[in-house]
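Visitor: Provide a 3D model corresponding to the input given below.
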Amino acid sequence: MQVALLISGFGGQGVMFAGQLLAYAAMEQQLEVTWIPSYGPEMRGGTAHCFVVISDKPIGSPLVRHPDVALLMNTPSVHKYEAIVAAGGLVVYNQSLIPVAPTRTDVTLLPIPATQEAESLGSPRLTNMVMLGAAMTRVPVVRLESLYAALEAHLPAHRRDLLPANQRALHIGATYAQQLVPS
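Guide: As a prediction, the model looks like this:
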């Protein structure tokens with residue numbers, strides 16, 4: 001098993017943290033993992049992204065041309081990355097900020113009102129966890145329990161008060177993914 005994932009959104013939406021958390025959860029399950037972030041001028045306001053590759057065997061290259069799964073958190077991410085997702089892949093998109101659905105017909109599209117749900121939990125900064133919970137429910141390369149454990153172990157000290165909200169956000173995303181019939 002090897003799954004390549006792309007997470008993309010505006011800088012400041014927690015794209016990098018979601019990728020790191022996914023990598024830590026994979027390590028928690030004794031899987032091989034690579035995480036490649038894109039840093040630079042897009043860190044605040046532009047499109048930021050990272051790639052995560054998870055495998056049960058050694059990973060030959062961390063470079064990803066056609067991810068199996070894409071978590072797209074805003075419209076610029078759809079425009080930039082929709083076309084590179086592998087045929088038969090999964091595109092989880094933030095329906096709250098992406099009013100027009102991606103147009104691919106050879107991938108599974110999963111609309112999640114992630115920002116809306118995050119705001120109902122008290123902070124739009126939880127959007128990344130809603131998206132991650134949905135993606136890992138549809139493509140369960142890591143268990144939600146491993147994501148909870150990774151949050152517990154790696155949430156920075158100054159954000160510890162957000163642990164329960166992050167866990168609820170993962171759960172909400174998972175619930176949406178279980179209930180929705182993807183297109």
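
Visitor: rest of the way, CA atoms for contacts and neighbours
Guide: Fine.

Visitor: helix or strand for Ile36, which one?
Guide: If you go by DSSP states H and E, Ile36 is part of strand 32-37.

Visitor: so where's the chain uncertain?
Guide: Counting by pLDDT under 70, the chain has low-confidence residues at 39-46, 181-183.

Visitor: Determine the longest helix present in it.
Guide: Longest helix of the chain, by residue count under DSSP state H: helix 163-179.

Visitor: Which elements pack onto that helix?
Guide: strand 108-112, helix 114-120, helix 127-138, helix 144-154 (3 or more C-alpha pairs under 8 Å, 6 or more residues apart in numbering; DSSP states H and E).

Visitor: Which among the ones you listed is found nearest to Phe51?
Guide: helix 127-138 (13.4 Å; C-alpha to C-alpha).

Visitor: Return the distance of the closest one from the chain's centre.
Guide: Chain-centre distance of helix 127-138: 6 Å, with C-alpha atoms, centre = their mean, to the nearest Å.

Visitor: what packs against that helix?
Guide: Using 3+ C-alpha pairs under 8 Å, 6+ apart: helix 127-138 touches helix 15-28, strand 69-72, strand 90-94, helix 114-120, helix 144-154, helix 163-179.

Visitor: Any chance of the ones you listed in TSV with mean neighbour count and distance to Thr47 as columns?
Guide: Converted to TSV, the helices and strands packed on helix 127-138 look like this (neighbours: other C-alpha atoms under 10 Å; distance: least, C-alpha to C-alpha, whole Å):
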stretch	mean neighbour count	distance to Thr47
helix 15-28	23	10
strand 69-72	28	10
strand 90-94	26	14
helix 114-120	20	17
helix 144-154	18	24
helix 163-179	20	22
